[in-house]
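K.L.:
got a structure for you, letters missing:
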Ligand code: PRX
């Protein structure tokens with residue numbers, strides 16, 4: 001173990017942007033906040049001018065709460081805005097530097113990337129894919145994932161990228177919900193030197209879902225895979241001879257750009273719908289403002305394209321700004337724990353955007369790993385995905401930021417599409433562990449149950465008060481759920497983020513974490529209900545309650561309280577089997593930390609499992625009033641069992 005995690009929490013101080021950084025920053029005049037507060041629409045309109053529109057919008061915003069339409073009447077293509085617009089000035093500039101886990105490197109200039117994207121767009125067209133057809137992408141972090149996304153965008157086919165580590169079953173659920181008949185995947189990939197048999201997962205997963213007509217398979221690691229006649233084709237074969245030019249489909253601003261599935265409070269993942277114009281304006285603008293992205297930067301966002309960060313701040317935002325992006329396929333400790341710092345040194349990375357779990361892991365490994373490398377090219381570092389504790393923030397500042405790089409702790413969500421609360425690195429005085437202020441153009445607040453603003457220093461719910469360009473438009477195929485989840489808490493026009501927060505006396509926002517039944521394990525979002533429905537589908541399980549337990553390294557870990565069917569005996573083997581069952585059905589990142597058997601679970605008199613009580617028990621906190629439970633004695637026995645785990 002390297003450093004202790006929170007030793008420096010006591011020394012919390014404020015950090016002003018370094019003078020030379022501030023002087024050269026893209027945004028360095030605080031007047032931006034007051035100006036945009038008066039006219040947020042004017043701000044977004046001004047920034048929309050930086051994109052290429054095939055037809056200009058008629059109105060900036062049409063707001064019929066809770067439905068917003070941005071830049072209506074405007075026509076554009078997202079792929080065109082990422083690639084074609086860069087041809088004039090940056091045709092030979094490197095767009096992507098990709099590094100495989102095994103050390104192989106591939107680079108694409110903007111011109112080369114456009115050609116590849118067009119070739120693949122033509123392949124899709126040849127398969128009959130057209131505007132509005134949803135294409136599922138199930139690829140690890142290889143260049144083809146970006147090429148596929150942009151090719152879809154080029155022909156107006158919304159993409160749905162499914163995180164490669166999800167199980168075949170999770171993939172099939174998402175394909176089914178999206179009604180997607182085309183799937184892009186690969187033979188397999190390398191993770192910590194071990195091969196993940198991706199194509200096998202596909203074959204198993206989609207066997208029972210008759211939807212998929214074509215599977216395009218990238219040959220990535222050349223493991224043996226079976227190809228189904230008439231359905232499966234190799235990427236390299238269909239790309240052979242495909243034309244390298246393809247006219248972009250001209251899309252309406254409100255046409256869907258992509259679907260991104262995320263976990264919520266019910267058993268079924270939600271397809272978050274993002275549209276084209278507002279999303280592109282929002283990601284293009286915030287990438288420049290938050291990362292201070294300049295033409296000479298080498299920008300590395302460690303996120304996977306299977307999550308929203310990979311969409312907004314690896315692909316669309318940075319490429320629309322003509323950036324050179326770095327992307328890495330593998331694990332941070334392969335072959336050694338200095339892989340990230342080695343990569344930064346070799347590729348001369350100037351901006352690094354990563355997650356608190358990664359930072360806490362680096363902290364555990366100790367500073368000697370980054371010290372082995374020259375990482376002095378870094379000038380800005382960022383964090384996203386979960387609250388970063390002040391100790392980890394300070395470690396990041398000192399050991400990676402070398403005491404001089406501004407840190408941008410960015411709060412946002414799959415649903416917001418863009419960074420909503422974050423420092424502007426040339427202006428904002430930062431405080432360790434604090435996401436600071438809403439972006440220009442964004443109005444956030446901390447509200448109580450009734451929708452009144454709470455006093456500074458008090459806990460409340462994080463709310464967004466006005467529409468923003470990249471906001472979720474609906475939940476795919478489930479408008480009711482969209483309204484219910486995000487808008488019904490208060491007045492059907494104030495967005496409920498699902499996070500707890502408080503504001504300090506400087507108006508800074510401190511994010512506390514999820515207040516709903518969403519668990520954040522290493523930044524991955526997992527729904528309690530989704531997990532429970534998988535557990536109860538196991539023949540031995542009668543009931544399950546799944547909650548997050550705070551964890552120093554991963555933010556949260558998963559505790560599963562399980563009641564077995566009558567006649568089934570508790571055993572260590574069964575625990576192991578249930579763990580593996582969860583892993584097989586969701587993915588390895590969702591491995592429960594503990595399975596706790598219990599004859600009963602805390603339930604209301606109407607039989608509803610009270611996760612609030614389970615969560616308190618798992619976290620060894622006071623469960624509060626339990627008098628309304630069917631059987632309050634359950635609490636004591638569960639506390640006992642949980643305590644035994646901790647001491648074992
Ligand atoms: O709880 C918040 C946490 O991540 C949630 C959103 O998760 P997801 O949709 O997967 O998107 C993650 C990447 C944008 C939020 O509701 N979260 C995200 N960023 C932060 C954060 N919590 C605290 N601080 C952050 N900077």
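P.N.:
Thanks, I have it. Being a predicted model, the structure only gives us computed values, none of them experimental.
K.L.:
How many residues are close by residue 63?
P.N.:
13 (other CB atoms under 10 Å). All C-beta atoms are positioned from the backbone trio N, CA, C, and that covers glycine.
K.L.:
brain fart, residue 64
P.N.:
Residues contacting residue 64 under the criterion other CB under 10 Å number 8.
K.L.:
in the sheet, who's paired with it?
P.N.:
When bridges are called by DSSP bridges, residue 64 pairs up with residue 67.
K.L.:
Can you read off the pLDDT for it?
P.N.:
On pLDDT, residue 64 comes in at 98.
K.L.:
cool, and residue 263?
P.N.:
With respect to pLDDT, residue 263 has a value of 84.
K.L.:
can you check the one 4 residues further on too?
P.N.:
Note on residue 267: pLDDT of 74.
K.L.:
That one touches residue 532, doesn't it?
P.N.:
Yes - in this structure, residue 267 is within contact of residue 532 by CB atoms under 8 Å, at 7.3 Å.
K.L.:
so what secondary structure elements neighbour the longest helix along the chain?
P.N.:
Selection of the longest helix in the chain by residue count, based on DSSP state H, yields helix 110-126. If contacts are counted by 3 or more CB pairs under 8 Å, 6 or more residues apart in numbering; DSSP states H and E, helix 110-126 sits against helix 84-90, strand 94-99, helix 143-155, helix 235-239.
K.L.:
Try it again at 10 Å.
P.N.:
Applying 3 or more CB pairs under 10 Å, 6 or more residues apart in numbering; DSSP states H and E, one finds that helix 110-126 contacts helix 78-82, helix 84-90, strand 94-99, strand 105-109, helix 143-155, strand 182-186, strand 214-218, helix 235-239.
K.L.:
Would you mark the buried spots in it?
P.N.:
110-125 (16 or more other CB atoms under 10 Å).
K.L.:
now that helix against strand 105-109, angle please.
P.N.:
90 degrees (axes from the mean of the first three to the mean of the last three CA atoms, to 10 degrees).
K.L.:
So in that sheet, which strands flank the helix or strand just after helix 110-126, and in what orientation?
P.N.:
Downstream of helix 110-126, the next assigned helix or strand under DSSP states H and E is strand 135-137. Partners of strand 135-137 in the sheet, by DSSP bridges, are strand 159-161 (parallel), strand 182-186 (parallel).
K.L.:
Contacts made by the first one with the rest, please.
P.N.:
Which is strand 159-161. 134-139, 145, 148-153, 174-175, 177-178, 180, 182-184, 256-261, 271, 304-308, 310-311, 315, 476 (CB atoms under 10 Å, 6 or more residues apart in numbering).
K.L.:
Up against the ligand, what does this protein have?
P.N.:
Contacts of the chain with the ligand, taken as CB under 6 Å from any ligand atom, map to 262, 307-309, 384-387, 409-414, 435, 497-499, 511, 513-514, 520, 525.
K.L.:
And for residue 91, the neighbour number?
P.N.:
12.
K.L.:
so how far is stretch 275-288 off the chain centroid?
P.N.:
For stretch 275-288, the separation from the chain centroid amounts to 16 Å (computed by CA atoms, centre = their mean, to the nearest Å).
K.L.:
in terms of contact, does residue 292 touch residue 351 like I think?
P.N.:
Yes - judged on CB atoms under 10 Å, residue 292 makes contact with residue 351 at a distance of 7.9 Å.
K.L.:
of the two, who's got more company?
P.N.:
For the pair residue 292 and residue 351, the greater number of neighbours falls to residue 351 (27 against 24), based on other CB under 10 Å.
K.L.:
ok now do residue 624, which residues does it touch?
P.N.:
Applying CB under 10 Å, 6+ apart, the residues contacting residue 624 are 612, 613, 616.
K.L.:
How is this protein partitioned into domains?
P.N.:
Per automatic domain parsing, the structural domains of the chain span 119-251, 518-647.
K.L.:
and those as TSV, adding mean pLDDT and distance to residue 355?
P.N.:
Listed next are the domains of the chain as TSV, based on pLDDT from 0 to 100; distance: least, CB to CB, whole Å:
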stretch	mean pLDDT	distance to residue 355
domain 119-251	96	14
domain 518-647	92	5
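K.L.:
Tabulate the ones you listed (CSV), appending distance to residue 30.
P.N.:
Putting the domains of the chain into CSV (distance: least, CB to CB, whole Å) gives the following:
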stretch, distance to residue 30
domain 119-251, 35
domain 518-647, 31
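K.L.:
winner for burial among those?
P.N.:
Highest mean neighbour count of the domains of the chain: domain 119-251, a mean of 20 (counted as mean count of other CB atoms under 10 Å).
K.L.:
From the contacts of residue 624, pick the one nearest the ligand.
P.N.:
Of all the contacts of residue 624, residue 612 has the smallest distance to the ligand: 17.3 Å, by CB to the nearest ligand atom.
K.L.:
Remind me which helix or strand the closest one belongs to.
P.N.:
Using DSSP H and E, the element containing residue 612 is helix 611-618.
K.L.:
what helices or strands is that helix leaning on?
P.N.:
By 3+ CB pairs under 10 Å, 6+ apart, helix 611-618 packs against helix 528-536, strand 541-551, strand 555-564, strand 594-597, helix 633-647.
K.L.:
List the contacts of the longest one.
P.N.:
Read that as helix 633-647. 545, 549, 559, 561, 593-603, 610, 613-614, 616-620, 623, 626, 629, 631.
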